[in-house]
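J.: Have a look; sequence and predicted model below, questions after that.
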Amino acid sequence: MGKFHTLLVPLKRKLFLEGFLQKLIGFWLAASIFGLAVALLSKIIFLPDVILIILGVFGISFLLAMGYAIAKRPDFHKAAAAADALGGQERMITTLELLQKQEPTKIEKMAIEDGMKIGLQTDFAKAYRVGIPKRLLQWMALFLILTMATGFLPSPREEKAEIYAKAKLVQIEKVIKDVEKDEGLSVEEKKLLQKEMKALSKELKRVPSKEAGETAVQKNQQEMKQLEKDSVSKDLKQLAQEFAKEELTAPLSEAAEKGDAKAIEQAIAKLQEQMKKLTKEQLSALGKQMGAAAAQMSNADLAKALEQLAQALENGEISSELLEQLQQQMTAQSLENAELRKALQNANQALGDGSGQKPQQGQGQGQGQGAGQGQGTGQGQGQGAGQSSGQGGNGRGSGHIDGEEVFTRKAIDKAGYNTQVSGTKNEGGDSSMSQQKTIGEDGERLPYEQVFHSYQNDAMKALDEQNTPFGMRQLVSDYFSTLEK
């Protein structure tokens, strides 16, 4: 039996191939019809990855055809019948059936030998011609040609979106290459950055409009900004929260939150200068704040630096040595994931360049309440809107003076303040008036320096909570930096 089966195996394989090709052409014909429908639909509404969709359907069709062919694969009985049709004259199927008997007769043995002889002498596999449904193949070819022809039809995707996406994809490719070359990054950090860039690249290829592309870029920048924040050490985050409670330590809070060593150094230097103007009671209060921060630290050296400074301040002493020690410990903490933050900042900057996100010079309006108007009018609670003529733009102008007092944030509500609006004249010549009383609580007038950072922090946090373009975020940050000088 085994030897006879070996003679039929080549023909059996050819029959399997025939069944597979017939099913494949049938499934692919259905796939080509579906592909044409998808291609035409993509010219009415924007469908990203149309080619991938069509190729996916053809791939699924191939797997279905293969599965069907395996499930319905021919057995040796069918192979023997095909061999008889090629000249075996029923000897092959007869031999197959006789071989299944346990004790064939002498005549049956002679018939088996005759069948084996025919099988050895004839190459049935070579003689068999695979049958292909040519008509189905022609229809499939026609639908494929029509599908390819749809490529010449106009796309519903905006031309601006195509241009914008291509420009951004070039920037993304450059960022990926720069990340790969950055020796300061670990393998995991490189993978993290490349993952973000590839996700944005994939998204940009799918956007139907430039606005959608800009939104995708801004969302990606927000995510990288969050990664940048998350990379700061736990102790610096705790310090940032504690220092944010008081206006005096607000600059140090901002520097700690960013994990910026240079900003930490500048904030410590500024704090030292301000401490010289404090009373003993104020120094003591600052010392208690340092002590509260020390209790939350997981790093022993940083906790010790805070505790020693706290003790000195509570005793009314200002120690440059202890402040320097605190700076060193905070700087050491800022080195954690510093290279990752730098790479994230560079990536954000690269995506912002040439994107049209940055507003023109002097046209942006900042939330500079209490900082004076950009025209330098000297008003204490202005919007800070600069003019493109170059006379403003910084949001502070010449109106801010040392010792100037502004309202705290509660003043926004202006409780008890009445607003009068002139109405239109009626036929009798009279003019009507409407009055409105706002709600809220009276604010408090404090020196400019004591409330500046609360405005700054509120503005930056608002930007963090929104999909704000990187260029606009940088503009607002620079605006407040200018006010602080």
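T.: Perfect, thanks for sending it. Residues are numbered from 1 along each chain as shown.
J.: quick one, strands of the protein?
T.: All strands of the chain, identified by DSSP state E, fall at 405-407, 418-425, 431-437, 445-447.
J.: Identify the residues contacting E265.
T.: Going by CB atoms under 8 Å, 6 or more residues apart in numbering, E265 touches Q327, T331. Backbone N, C-alpha and C define where each C-beta goes, glycine included.
J.: ok, now how distant is it from A350?
T.: Noted for E265: a distance of 27 Å to A350, by CB to CB, to the nearest Å.
J.: how far away is the closest residue to L326 other than its chain neighbours from L323?
T.: In this structure, L326 finds its nearest non-sequential neighbour in A305, 4.6 Å apart by CB to CB, 6 or more residues apart in numbering. Distance, A305 to L323, by CB to CB: 9 Å.
J.: the more surrounded of the two?
T.: Applying other CB atoms under 10 Å to A305 and L323 shows that A305 carries more neighbours, namely 23 against 19.
J.: Contacts only, for the more buried one.
T.: By CB under 8 Å, 6+ apart, A305 lies in contact with L322, Q325, L326, Q328, Q329.
J.: Can you tell me which of these comes closest to Q89?
T.: Nearest to Q89 among the contacts of A305, counting by CB to CB, is Q329 at 98.5 Å.
J.: close enough to count as contact, the closest one and M297?
T.: No: counting by CB atoms under 8 Å, Q329 does not reach M297; the two are 9.2 Å apart.
J.: Number of residues surrounding K101?
T.: Count around K101 with other CB under 10 Å applied: 10.
J.: For it, give me its contacts.
T.: With contact taken as CB under 8 Å, 6+ apart, K101 is in contact with E108.
J.: got it, and Q325?
T.: By CB under 8 Å, 6+ apart, the neighbours of Q325 are A305, Q308, L309.
J.: Taking the chain centroid, which residue in the chain is the extreme one?
T.: K106 (80.9 Å; CA atoms, centre = their mean).
J.: contacting residues for that one?
T.: For K106, the contact set (CB under 8 Å, 6+ apart) is empty.
J.: And stretch 308-325, end to end?
T.: 10 Å (CA to CA, to the nearest Å).
J.: Then stretch 78-90?
T.: In terms of CA to CA, the two terminal residues of stretch 78-90 are separated by 12 Å.
J.: 360 is where my numbering starts, stick with that
T.: Shifting the count to begin at 360 puts that one at stretch 437-449.
J.: I figured A669 hits K647, correct?
T.: Yes: at 7.1 Å, A669 and K647 qualify as touching, with contact defined as CB under 8 Å.
J.: Which one's more surrounded, those two?
T.: A669 (22 against 13).
J.: Enumerate every residue touching that one.
T.: G646, K647, Q648, M649, G650, A653 are the contacts of A669 under CB under 8 Å, 6+ apart.
J.: Give me the residue ranges of the stretch 710-844 of the chain where confidence is low.
T.: Counting by pLDDT under 70, the stretch 710-844 of the chain shows low-confidence ranges at 712-844.
J.: picking that back up, report pLDDT for the residue nearest to L685.
T.: For A664, the pLDDT comes out at 95.
J.: Return the distance of it relative to A644.
T.: 19 Å.
J.: go on, R516?
T.: Using CB to CB, we find R516 at a distance of 61 Å from A644.
J.: same thing with A653?
T.: Applying CB to CB, one obtains 15 Å for the distance of A653 from A644.
J.: export stretch 376-394 as PDB, just CAs?
T.: C-alpha atoms of stretch 376-394 as PDB (Å, rounded to 0.1, in the frame of the first residue of the first chain):
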ATOM      1  CA  LEU A 376      -2.900  23.000  -6.000                       C
ATOM      2  CA  GLU A 377      -5.700  23.100  -8.500                       C
ATOM      3  CA  GLY A 378      -8.300  23.200  -5.800                       C
ATOM      4  CA  PHE A 379      -6.400  26.000  -4.000                       C
ATOM      5  CA  LEU A 380      -6.000  28.100  -7.100                       C
ATOM      6  CA  GLN A 381      -9.700  27.800  -8.100                       C
ATOM      7  CA  LYS A 382     -10.800  28.900  -4.600                       C
ATOM      8  CA  LEU A 383      -8.200  31.700  -4.500                       C
ATOM      9  CA  ILE A 384      -9.300  33.200  -7.800                       C
ATOM     10  CA  GLY A 385     -12.900  33.100  -6.500                       C
ATOM     11  CA  PHE A 386     -12.100  34.700  -3.200                       C
ATOM     12  CA  TRP A 387      -9.800  37.300  -4.900                       C
ATOM     13  CA  LEU A 388     -12.600  38.200  -7.300                       C
ATOM     14  CA  ALA A 389     -14.800  39.000  -4.400                       C
ATOM     15  CA  ALA A 390     -11.900  41.000  -2.800                       C
ATOM     16  CA  SER A 391     -11.300  43.000  -6.000                       C
ATOM     17  CA  ILE A 392     -15.000  44.000  -6.100                       C
ATOM     18  CA  PHE A 393     -14.800  45.100  -2.500                       C
ATOM     19  CA  GLY A 394     -11.500  46.900  -3.200                       C
END
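J.: pLDDT of that stretch, averaged?
T.: 96.
J.: how far does that stretch sit from the chain's center?
T.: 39 Å (CA atoms, centre = their mean, to the nearest Å).
J.: now do stretch 363-377
T.: Centre-to-centre, stretch 363-377 and its host chain are 54 Å apart (CA atoms, centre = their mean).
J.: May I see the buried residues of it?
T.: F363, L366, L367, L370, K371, K373, L374, F375, E377 (16 or more other CB atoms under 10 Å).
J.: Would you reformat the residues you listed as a markdown table and include distance to I410?
T.: Below are the buried residues of stretch 363-377 laid out as a markdown table (distance: CB to CB, whole Å):
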| residue | distance to I410 |
| --- | --- |
| F363 | 50 |
| L366 | 47 |
| L367 | 43 |
| L370 | 40 |
| K371 | 38 |
| K373 | 34 |
| L374 | 35 |
| F375 | 32 |
| E377 | 31 |
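J.: Which one of these is nearest to G446?
T.: Out of the buried residues of stretch 363-377, the member with the shortest distance to G446 (by CB to CB) is L370, at 12.1 Å.
J.: got the contact list for that closest one?
T.: A438, A441, A442, F483, A484, Y487.
J.: and the longest helix for the protein?
T.: Assignment by DSSP state H gives helix 361-400 as the longest helix of the chain.
J.: starting at the chain centroid, how far to it?
T.: Put simply, helix 361-400 sits 42 Å off its chain's centre (CA atoms, centre = their mean).
J.: Equivalent analysis for stretch 630-644, please.
T.: 45 Å.
J.: Likewise for stretch 665-678?
T.: Taking CA atoms, centre = their mean, one finds stretch 665-678 lying 45 Å from the centre of the chain it belongs to.
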